[in-house]
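Chemist: Sequence first, then the predicted structure, then my questions.
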Amino acid sequence: MKPAAERITLIGAGLNGPLLAILLIQRGFAVEVYERRADMRRVHASAGRSINLALSTRGIHALRQAGLWEQMRNLIIPMRGRMMHSIAGELTFQAYGKNETEVINSISRAELNIALMNAAEEHGATIHFGQRCAGYDLNTGAIRVRNEETGEETSQEAGVVIGCDGSASAIRTEMLRLNRFNFSQRYLDYGYKELTIPAGPSGEHLLETHALHIWPRGNHMLIALPNIDGTFACILFLPFDGADSFASLTTQEQVMQFFQSRFPDTVPLMPQLMDHYFANPTGAMVTIKCSPWHVEGRALLLGDAVHAIVPFFGQGLNCGFEDCTSLAGLLDRHGADWPRVFTEFEHERKVNTDAIADMAIENFTEMRDRVADSRFLFRKKVELALEARYPQLFVPKYAMVTFHRIPYSVALSRGSVQDRILAELCESIDRVEDLDWDKAERLIHRELTPLEIPQ
Ligand SMILES: Cc1cc2nc3c(=O)[nH]c(=O)nc-3n(C[C@H](O)[C@H](O)[C@H](O)COP(=O)(O)OP(=O)(O)OC[C@H]3O[C@@H](n4cnc5c(N)ncnc54)[C@H](O)[C@@H]3O)c2cc1C
């Protein structure tokens, strides 16, 4: 048996747990994972949490590091841009990036999770399913594990513990008892519900395949991401309370009338709208910030457990995967010097996870409202023109976050400087051809220094 410092217990076999297990095993550690759910490869999981995710550069980089990207490629559908649907059914396409390589990738959460768990087990991780972590002893480092079937609880000596147990983390709950543990959780007043657009008669997509579809309607919105089986996974975002809310749409007539008036082009595409609307749960969205992230060198939180964010930048998973590669990098530098690794990990990551948390909230307004605004679309065009001329100086914030591994905190701070520059340049023009390039040159060189773009 390996010494305690080389035995790692991960709590949670969601998306981050299995990836981290692989990166740790590749570095010589022995890994056991405790997962409260049954094994989804044997028991069908119920709907509830977004069926699809947008995977982008940071997530892909982590999968590459683990040697998994090639096998994941056949699970993804690249989405080249947003397809906005107006109430009248008009479509407007807005590319995400400057070329065909700047895309985000739709992937099924379940398929990704299964592929990651398979790979973790192939690498030698043991995953104990139906075993909930019911407590962590801050003094001894032992975990209390409850068998979800029998209710029996046992205490286990656990080596180094890493909580990858999501936004309701059991390890974090124990850490609330630490002296001076800072914790904040902020729920949005909005909830979400999964819906589905089935495939057409020959298994084809009924909407444009390579796009993330958005029906932006001010205080509510519907989005749809393509699946490889021809379906679209849709998410309806609505306020919990008030007019046009989950609380007010309680009968079939109300829901149908709401869809017919707000998203009329989707009604013929969703024959099971009523079944799904009433059967699927309404999810909440929370931002979690806390510190410290670790208990000396014995326990650490990672992923949603330590920085859950709202989904509007499509970065929760990507950011969690970046946590995993960051931790692996620190282990490569310092070995199993856990107190040092955990301290540096928090130092390196927190400033960035705080930044993406704030940008994700900001992006909610952009997605549900501003994407339908012609001035917003014009500014996006100007951004791309500026990037084409000044690729080392002016990279749009969306691109810094999504297509590069530029630290999120840099994307946030440069993004706000760039917003000011854009506002000034776009003030009195409606066409990119009318851009005052002399002014652009002056502003950009005055306000921005060359950007380090990690490859
Ligand atoms: C609607 C929605 C859309 C999203 N879209 C995107 C997107 O497009 N792109 C993106 O990058 N991110 C997206 N995200 C965020 C992404 O889903 C999360 O960031 C990601 O799932 C976090 O992974 P995790 O492993 O930290 O936590 P989770 O995936 O939540 O996994 C935690 C695991 O721990 C297990 N667990 C929990 N408690 C215990 C316990 N006490 N004992 C044992 N096991 C336990 C759970 O069963 C689960 O398997 C979205 C999130 C939502 C809600």
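Modeler: Great, that's in hand.
Chemist: okay, now whichever residue of the stretch 151-300 of the chain sits closest to the ligand: neighbour count?
Modeler: As assessed by CB to the nearest ligand atom, the ligand sits closest to residue 166 within the stretch 151-300 of the chain, at 2.8 Å. Quick note: C-beta positions are derived from backbone N, CA and C, even for glycine. Neighbouring residues of residue 166 were enumerated by other CB atoms under 10 Å; the total is 21.
Chemist: ditto for residue 432
Modeler: Around residue 432 there are 13 other residues, counting by other CB under 10 Å.
Chemist: Which strand or helix spans the residue of the stretch 151-300 of the chain closest to the ligand?
Modeler: Assigning secondary structure by DSSP states H and E places residue 166 outside every helix and strand.
Chemist: Ends of stretch 72-89, what's the gap?
Modeler: Taking CA to CA, to the nearest Å, the first and last residues of stretch 72-89 lie 34 Å apart.
Chemist: tell me the pLDDT at the nearest residue to the residue of the stretch 151-300 of the chain closest to the ligand once chain neighbours are set aside?
Modeler: When the adjacent residues along the chain are set aside, residue 166 lies closest to residue 304, with 4.7 Å between them (CB to CB, 6 or more residues apart in numbering). On the pLDDT scale, residue 304 is placed at 98.
Chemist: Same question for residue 2.
Modeler: Here the pLDDT value assigned to residue 2 is 78.
Chemist: In space, what's closest to it - neighbours in sequence excluded?
Modeler: Nearest in space to residue 2, with sequence neighbours left out and distances taken as CB to CB, 6+ apart, is residue 30 at 4.9 Å.
Chemist: Which strand residues bridge the one you found?
Modeler: Listed by DSSP bridges, the beta-bridge partners for residue 30 are residue 7.
Chemist: pretty sure it is touching residue 7, no?
Modeler: Yes: counting by CB atoms under 8 Å, a contact exists between residue 30 and residue 7, whose distance comes to 5.0 Å.
Chemist: If you tally nearby residues, what's the number for the residue nearest to residue 2?
Modeler: The tally of other residues near residue 30 (other CB under 10 Å) stands at 17.
Chemist: how about it, what does it touch?
Modeler: For residue 30, the contacting residues are 2, 6-8, 124, taking CB atoms under 8 Å, 6 or more residues apart in numbering as the criterion.
Chemist: What score does whichever residue of the chain sits closest to the ligand have for pLDDT?
Modeler: Here the residue of the chain nearest the ligand is residue 14; by CB to the nearest ligand atom that distance is 1.8 Å. Note on residue 14: pLDDT of 97.
Chemist: tell me, how many neighbours does it end up with?
Modeler: The criterion is other CB under 10 Å. On that basis, residue 14 has 23 neighbouring residues.
Chemist: Next: the one 5 residues further on.
Modeler: By the criterion of other CB under 10 Å, residue 19 has 30 neighbours.
Chemist: Tell me who's in contact with the nearest residue to it once chain neighbours are set aside.
Modeler: Using CB to CB, 6+ apart and skipping the chain neighbours, the partner closest in space to residue 19 is residue 324 (5.2 Å). Residues near residue 324 by CB under 8 Å, 6+ apart: 16, 19-20, 23, 62, 302.
Chemist: so residue 324, which of the three states?
Modeler: When states are read from DSSP: H, G, I helix; E, B strand; the rest coil, the local structure at residue 324 comes out as helix.
Chemist: pLDDT value on it, please?
Modeler: We note a pLDDT of 98 for residue 324 in this prediction.
Chemist: Pull out the buried positions in stretch 22-36.
Modeler: For stretch 22-36, the buried set under the neighbour-count rule, 16 or more other CB atoms under 10 Å, comprises 22-25, 29-36.
Chemist: Tell me if it is near the ligand.
Modeler: Yes: counting by CB under 6 Å from any ligand atom, the ligand is contacted by stretch 22-36 at 34-36.
Chemist: One more: stretch 308-322?
Modeler: Yes: using CB under 6 Å from any ligand atom, stretch 308-322 reaches the ligand at 311, 314-318, 320.
Chemist: doesn't residue 165 make contact with residue 133?
Modeler: Yes: between residue 133 and residue 165 a contact is recorded at 6.5 Å, counting by CB under 8 Å.
Chemist: Identify the contacts common to those two.
Modeler: Between them, residue 133 and residue 165 have 11, 36, 171 as joint contacts when contacts are counted by CB under 8 Å, 6+ apart.
Chemist: Secondary structure for the residues you listed - can I get that in a markdown table?
Modeler: Formatted as a markdown table, the entries for those read as follows, by three-state DSSP:
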| residue | secondary structure |
| --- | --- |
| 11 | strand |
| 36 | coil |
| 171 | helix |
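Chemist: picking that back up, the residue of the stretch 151-300 of the chain closest to the ligand and residue 14 touch, don't they?
Modeler: Yes: with contacts counted by CB under 8 Å, residue 166 reaches residue 14, the gap being 5.7 Å.
Chemist: Overlap of the contact sets of those two?
Modeler: The overlap between the contact sets of residue 166 and residue 14 (CB under 8 Å, 6+ apart) consists of 303-304.
Chemist: Can you lay out the shared contacts of residue 133 and residue 165 as CSV showing pLDDT and distance to residue 333?
Modeler: As requested, the shared contacts of residue 133 and residue 165 are arranged in CSV below (pLDDT from 0 to 100; distance: CB to CB, whole Å):
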residue, pLDDT, distance to residue 333
11, 98, 25
36, 97, 33
171, 98, 25
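Chemist: and residue 136, what pLDDT?
Modeler: Value for residue 136, per-residue pLDDT: 97.
Chemist: Just confirm residue 327 contacts residue 346, I think it does.
Modeler: No: here residue 327 lies out of contact with residue 346, judged by CB under 8 Å, at a distance of 10.4 Å.
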